[in-house]
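**Q** Just to be clear, the model below is a prediction. Sequence and coordinates:
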Amino acid sequence: MNRYPLWKYLIVLAAVIIGLLYTLPNFFGESPAVQIAPAKTAVKVEASMLGRIQQLLDEKNIPTTGAFFEQNGPVGTVRFRFDSTDTQLQAKDVIENALNPDPADPDYTVALNLLPSSPNWLTALGANPMYLGLDLRGGVHFLLQVDMQGALTGRYDTLANDVRVLLREEGVRTGGVERDGMSIVAQFDNEDAANNAASVLRNRLPEMIYSVSENGDRFVLTSRLTESAVMEVQNNALQQNITTLHNRINELGVAEPIIQRQGADRIVVQLPGVQDVAKAKEILGRTATLEIRMVDESQSAQNALAAGRVPFGLERYEDTDGRPLLLRRQVVLTGENLQDAQPGRDQQTQQPSVNLTLDQKGARIFRDVTRDNVGKRMAILLFEKGKGQVVTAPVIRSEIPGGQVQISGSMTAQEASDIALLLRAGALAAPMEIIEERTIGPSLGAENIEMGFKSVLWGFVALALFIIVYYHLFGIFSTLGLSFNILLLLGVLSMLQATLTLPGIAALALTLGMAIDANVLINERIREELRGGMAPQQAIHQGFERAWGTILDSNLTTLIVGLALLAFGSGPVRGFAVVHCIGILTSMFSSVVGVRAITNLWYGRRRKLQSISIGQIWKPKD
Amino acid sequence: MELFRIKRTIPFMRHAVVLNLISLITFALAVFFIATRGFHLSIEFTGGTVMETHYQQSADLGQVRDTLSEIGYSDFQVQNFGTSRDVMIRLPVAEGEDATVQSEKVMAALQADTPNVELRRVEFVGPQVGEELVTNGLLALLCVVIGIMVYLALRFEWKFAIAGVVANFHDVIIILGFFAFFQWEFSLAVLAGVLAVLGYSVNESVVIMDRIRENFRKQRRASTTEVINGAITQTISRTIITHTSTQIMVISMLVFGGPTLHYFALALTIGIWFGIYSSVFVAAAIAMWLGIKREDLVKPVKKDDAEAEVEEG
């Protein structure tokens, strides 16, 4: 009756082993490490770097205890682990000297860091420790709000330009095309022209909705982006901003930065271990945007330049070599129309080049502009902190159709690769603003860990004592079940690479307190059956069987609550909810299957069981 | 050890009216305090800047306040946090001044008075984020209530669903009442605690409802009140042991958890005690008054249930 088939024992055993394996990495602590990441967007760190550095360290007789490569989006990072801070410092110097021959202009950031010091075989199994939340390890947290209005306005500006060009191409006469808030308004003299324009645009710019209305003696065509197009603009803006942030944060040399989307228009950035808020903010806050504009090289412009004047409609910039340029204020393209940028070589001249891929609209605009301006120069500008910088200003050799743009000319392969990366990832699609900021000192983090750990430990000890005194051997079974539950819970959390926070630890404690409920339900039921005169084996069986329905009901309702917290919570609430939800599941398994397995092992084999040790069974006298 | 030597069914429901009146009064008081006093919401909800500073000796709060006034702040709070050496400073959202500027300014001024003061934590939250948190919190609450009702209605009966939710709401409002009355700080962690209590308290009700259903099946001739009393009596030992266990963990959090977990643990403690009370008296009594019947819970006997009938006889 109380025997489990072998496979059930094996499942429990497997769960214990897996729990142990994945919980284990959390206990090894951290060891000093050196982290190597690219300092410039143009420099790449690849897996081959591991061998190179290893060789370097071998030459100097510096022992390492582990080497790791990680690719995070476009950015690769190499980390080496050492057994002491002394070797760490030595290694840092050696690597720094070898990789950055010119300290004033470093190619790589070589930063001191901490890495989990779990043995390599565990890491190979994918068993890594949980992340510790900022409240446990210290660091800074930012919540950035992306200005979606800004992203949309930019999009409408480009679209207004598109509409203008398209209508001219098709020979539709307009009385002006303007962006008016979140719409584009075109004026026409008669209704036919307006309708004609609408049908042309519907074909060419299907992402907008068009409506014609009469305004006095004029006809107005109003175009708005469809909802899905608006969503797409916003999604792209957010994605691009996240990529850009990744690249910038790398400059800080943070071990485990978290850069996550939150909701429709927010980005969470967490930098554990970083205390220099000012620097972090400066790096995050760089709002760079990309623009392509035409260079005015007409005689009058040259004269004005020589005289030190800037004519109306033009702006003065300097190219990379410091020569002055006059650019038209009108923007041909923004970074939004750029899909990709890769360094390459010109097929004929073998000169280094940057190959740009534009989106559909970008391609069309670019074709028109290049057709009309062969022999002239166009400039690619990067705006940072409101200041524009000309990245490159090549001469247009011929009309460029198809959206494949090659920029070549006076640049080295290195520069080409720099520019490509800058273009690809240097620019934010929309401005951002910090709306939440949190800094937690490292000592406070350590204190929080200690307090959380103590709460769980002493709570558990007291609970175990209480339950063993009350239920004797079955109390020990319950305690074992509870330990099994902690093991599984920590194992699952580590496996999921969840972030442990102080509220998460609180949830761990609370889950343990509540998990005992299942055991109490079972034990009380067994007692009740014994009191009713049932034979011990039968009572154990009935106790587990009958308690199961109640356990299921009560845990499922608790789980509903946990899931709602997970869905709507943010920050601490979420940290709490994750542990709570997983804890409910593991506690059901450990109390129903785990404790049953232990009980069966202990009592199941005895055929004639006279009594069981579940504390005193008091029977009312009749 | 056997704590509970219960000879016969305790007539819990006999006191239902009186206890529910008390409940109603407590509930009304809680609503009254929430309405009149409101909550002492934490920075997460209100927006603003919070700084936690640590002094080597006991901090002189009066001096800290003076210093803040001197550098031009008027609407701020200074209080001890955890120990007399830890001071928490709250500043409202300032126009055109971000958190770094604010905290640097404040720290410079504080350090001028006491050189060894240490900044342990700064938090800046925009008011908009706070507003959203309130909305999300309410949404979570709503979802939980609906989810629990649907589950209880499907698994048991709508009368139980209503009884369970009313009991639950009762607990939550009373916890909130405590926070409003004592003006304890209501933070996100407390919100998590309050919502966890929802799950905890409904858990309690479910155990009792489960037993009521079982007893309806077993005791064919017993009246509804007898069945309910029987169910509560049979589960009371489990109820108390479980709560004691949970309370042990929560006390450990209260003792060792430090200031951050303090109010969280407090919310849970209140929730645990009212959770027992409300599932025994409020939920069961409301189910009784809603006229819960045998037929509501026991599905018409199917043929393969014959065995069950033999057992009952």
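**A** Thanks, I have the structure now. Quick caveat, the model's predicted, so the values are computed rather than measured. Numbers count the residues shown, from 1 in each chain, chains lettered A, B, ... in the order given.

**Q** count of residues packed around the residue in the stretch 151-300 of chain A that chain B sits nearest to?
**A** In the stretch 151-300 of chain A, no residue comes nearer to chain B than A:V277, which is 5.7 Å away by CB to the nearest CB. The C-beta positions use only the backbone N, C-alpha and C, and glycine is treated the same way. By other CB atoms under 10 Å in any protein chain shown, 20 other residues sit near A:V277.

**Q** ok, it - contacts?
**A** Taking CB atoms under 8 Å, 6 or more residues apart in numbering or on different chains, we find A:V277 in contact with A:140, A:437, A:439, B:100, B:122.

**Q** let's see it at 10 Å
**A** A:139-140, A:142, A:271, A:437-439, B:99-100, B:103-104, B:122 (CB atoms under 10 Å, 6 or more residues apart in numbering or on different chains).

**Q** shaky segments in the stretch 501-622 of chain A?
**A** Residues of the stretch 501-622 of chain A that meet the criterion pLDDT under 70 lie in A:617-622.

**Q** just the helices in it please.
**A** Here the stretch 501-622 of chain A has its helices, by DSSP state H, counting those that start in this stretch, at A:502-531, A:536-568, A:572-589, A:595-599.

**Q** Save these as CSV, and put in distance to chain B and mean neighbour count too.
**A** Shown next, in CSV, are those (distance: least, CB to the nearest CB, whole Å; neighbours: other CB atoms under 10 Å in any protein chain shown):
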stretch, distance to chain B, mean neighbour count
helix A:502-531, 3, 26
helix A:536-568, 3, 21
helix A:572-589, 4, 24
helix A:595-599, 15, 23
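
**Q** Those helices: which one's closest to A:V200?
**A** For the helices of the stretch 501-622 of chain A, distance to A:V200 was read as CB to CB. The smallest value, 45.9 Å, belongs to helix A:536-568.

**Q** For the helix or strand harbouring A:A33, enumerate the helices and strands it packs against.
**A** Element membership for A:A33, per DSSP states H and E: strand A:30-38. Packing partners of strand A:30-38 (3 or more CB pairs under 10 Å, 6 or more residues apart in numbering or on different chains; DSSP states H and E): helix A:48-59, strand A:66-72, strand A:75-81, helix A:85-99, strand A:108-116.

**Q** Try it again at 8 Å.
**A** Judged by 3 or more CB pairs under 8 Å, 6 or more residues apart in numbering or on different chains; DSSP states H and E, strand A:30-38 is in contact with strand A:75-81, helix A:85-99, strand A:108-116.

**Q** So which residues on the stretch 51-200 of chain B come close to chain A?
**A** Within reach of chain A by CB under 8 Å from any CB of the partner chain, the stretch 51-200 of chain B has these residues: B:52, B:98-100, B:118-126, B:128-129, B:133, B:136-137, B:139-140, B:143-144, B:147-148, B:151-152, B:155, B:187-189, B:191-192, B:195-196, B:198-200.

**Q** Just tell me which of the helices and strands packed on strand A:30-38 ends up closest to chain B.
**A** Taking CB to the nearest CB, strand A:108-116 is the member of the helices and strands packed on strand A:30-38 nearest to chain B, at 20.5 Å.

**Q** tell me what the closest one is packed against?
**A** Using 3+ CB pairs under 8 Å, 6+ apart, the elements in contact with strand A:108-116 are strand A:30-38, strand A:75-81, helix A:85-99.

**Q** Switch those over to a markdown table; also include mean pLDDT.
**A** Shown next, in a markdown table, are the helices and strands packed on strand A:108-116 (pLDDT from 0 to 100):
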| stretch | mean pLDDT |
| --- | --- |
| strand A:30-38 | 82 |
| strand A:75-81 | 83 |
| helix A:85-99 | 87 |
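
**Q** The longest strand along chain A pairs with which strands?
**A** For chain A, the strand with the greatest residue count under DSSP state E is strand A:324-334. Paired strands of strand A:324-334, with direction, are strand A:288-295 (antiparallel), strand A:314-318 (antiparallel) (DSSP bridges).
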